[in-house]
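Novice: How does the following fold in three dimensions:
(chains A and B)
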Amino acid sequence: MKPPPFEYHAPGDLGAALRTLAEVRGKVLAGGQSLIPMLNMRLTAPEYLVDINRVASLGGIDVTEAGVRVGALARHSEVERAGAHPLLTRALKLVAHPVIRNRGTVVGSLVHADPAAELPAVLAVLGGSVRVARWEGHTQVVRDVPAADFFTGPMESAVQPGELAVSAFFPALGFRTGDAFEEVARRHGDYALAGVCAVVTLDEEAYVTAAKVACIGVGPVPVVVDVSEASGHCPVHELDWAEVGRLVQSAVEPEDDIHASAAYRRHLVGVLAERALWKAAREGAAIRGA
Amino acid sequence: MEHEITLVVNGVARRVSVPARRLLSDCLRHDLGLTGTHVGCEHGVCGCCTVLLDGQPVRSCLTFAVTVDGRELTTVEGLAGPDRLSPVQRAFAECHGLQCGFCTPGFLCTVTALLAENPAPTEEEVLEGVSGNLCRCTGYQNIVKAVHRAAELLAEES
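Specialist: Sure, this is the predicted structure:
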């Protein structure tokens, strides 16, 4: 249970970090709360490790009307305390345990892209993006990758060798919009067997104008399902959310593993989607004054 | 390759030479001889190795010593005052919040930070606060009692 040897780099600023990454194409160490367990268990053995913890410019949370931009070194606990985005804050409380959240980073969770993790689902349902930088020639080149293209497979993101995810952007929720995150895990703080986060927007007559969910633990990447059409035909209090839940259920293809069968996961998605959509709609109606 | 680092552990600057892959838990125990920090699972589940990094609880088995070069650490050895145990330690003793004691250093560090941030936690906040620490002896009831008792002691003594 000790990490394999690696060559260690600890650049002091972003330029140095990008140049190092361009040169050695190493694995990036930020919070290390997923990477170090994998190293300890020898599930991975990178030749080079680039520790970005000394790159002060990668910290911080930038809140604007459009949304929240979270730097690569912003810890889960820091973002949770800032409370700048209701769905992000809600999801962070479900990520591991408080002590893990003191080190783990939001951007790190996105890049790690665990199919059962909460934060990728939040980015996906909001249609956020991840800003990725690399060093090319004598300058840094930046690209923004939308959530839909960012998660490419289980534990795989669009970040290429030599690149660094420098921040993530979570778009703000609009007016009369509620959100919810429902999941089932064997123990509090564990990765979820299945989970659903929902964002629901209502109009002045309490009709649903937009409803979207992202499901975790039931596919290689977060499964986003837009159910606006299925939930917009009658006022929200008359809606049969169970029927909408079944629609979400039919959109996922979960697999069996040691933790749960595919059938059980499919069942959970139906129940959790119904619950999350109902809660998000209720919140959208109550808090934001529909 | 060895890296020269300085860790301020329990108020004392300690200079040490470690390979980059040295876990903070192993650095504390083997390089600095501070064996109060226990190592259970070494993948972040059990919480035994929890120490305070600039006052915040972190898993020392999920942190490289080189990453925290120059930072301040408090281990279980640094919790007690010069004359007697800290309020949290006394509360654990008083409430029988430990049996075999293996998980105790992690609990003590976690709870010390929890009460520093939230001096009067609710039952739910205590449960959430210690949810990342495993204890196979006590059944947790006495640990939860100890946290509330520690909050009382801290309030009395402040």
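
Novice: Could you count how many residues lie near whatever residue of the stretch 1-150 of chain A ends up closest to chain B?
Specialist: As assessed by CB to the nearest CB, chain B sits closest to A:H97 within the stretch 1-150 of chain A, at 2.8 Å. Every C-beta, even on glycine, is put in place using the N, C-alpha and C of the backbone. Using other CB atoms under 10 Å in any protein chain shown, A:H97 has 23 other residues around it.

Novice: what's the closest non-adjacent residue to A:V70?
Specialist: A:V106 (4.7 Å; CB to CB, 6 or more residues apart in numbering or on different chains).

Novice: check contacts around that neighbour.
Specialist: A:V70, A:A74, A:R75, A:H76, A:V79, A:L88, A:L92, A:L119, A:A168 (CB atoms under 8 Å, 6 or more residues apart in numbering or on different chains).

Novice: go on, B:I5?
Specialist: Per CB under 8 Å, 6+ apart, neighbours of B:I5: B:R15, B:V16, B:S17, B:V18, B:A65, B:V66, B:D69, B:G70.

Novice: how does it look with 10 Å?
Specialist: B:14-18, B:22, B:27, B:31, B:64-71 (CB atoms under 10 Å, 6 or more residues apart in numbering or on different chains).

Novice: those helices in the chain, which residues are they?
Specialist: You didn't say which chain, so I picked chain A. A:14-24, A:35-40, A:76-82, A:86-92, A:98-101, A:106-112, A:118-126, A:147-150, A:228-231, A:241-251, A:262-287 (DSSP state H).

Novice: ah, no, chain B please
Specialist: Under DSSP H, chain B gives helices at B:24-26, B:87-94, B:104-117, B:123-129, B:141-157.

Novice: How many residues are close by residue 48?
Specialist: Went with chain A since none was named. Neighbour number of A:Y48 under other CB under 10 Å is 16.

Novice: not what I meant, chain B
Specialist: Neighbours of B:C48 (other CB under 10 Å): 25.

Novice: One more: A:D203?
Specialist: By the criterion of other CB under 10 Å, A:D203 has 15 neighbours.

Novice: quick one: the residue lying closest to it once chain neighbours are set aside from A:D190, how far?
Specialist: Using CB to CB, 6+ apart and skipping residues adjacent in sequence, the residue nearest A:D203 is A:T209, 5.0 Å away. A:T209 is 35 Å from A:D190, where distance means CB to CB, to the nearest Å.

Novice: Residue of chain B nearest chain A, please.
Specialist: Closest point on chain B to chain A, by CB to the nearest CB, is B:G132, at 2.8 Å.

Novice: Go ahead and confirm that residue touches A:V95.
Specialist: No: between B:G132 and A:V95 there is no contact under CB atoms under 10 Å: 11.3 Å.

Novice: ok, back up a step: pick the one among the contacts of B:I5 closest to A:E205.
Specialist: Ranked by distance to A:E205 (CB to CB), the contacts of B:I5 are led by B:T67 at 54.7 Å.

Novice: can you list the domains in the chain?
Specialist: I'll assume chain A. Structural domains assigned to chain A are A:60-171, A:177-287, following automatic domain parsing.

Novice: actually chain B
Specialist: If you go by automatic domain parsing, chain B breaks into B:2-78, B:87-157.
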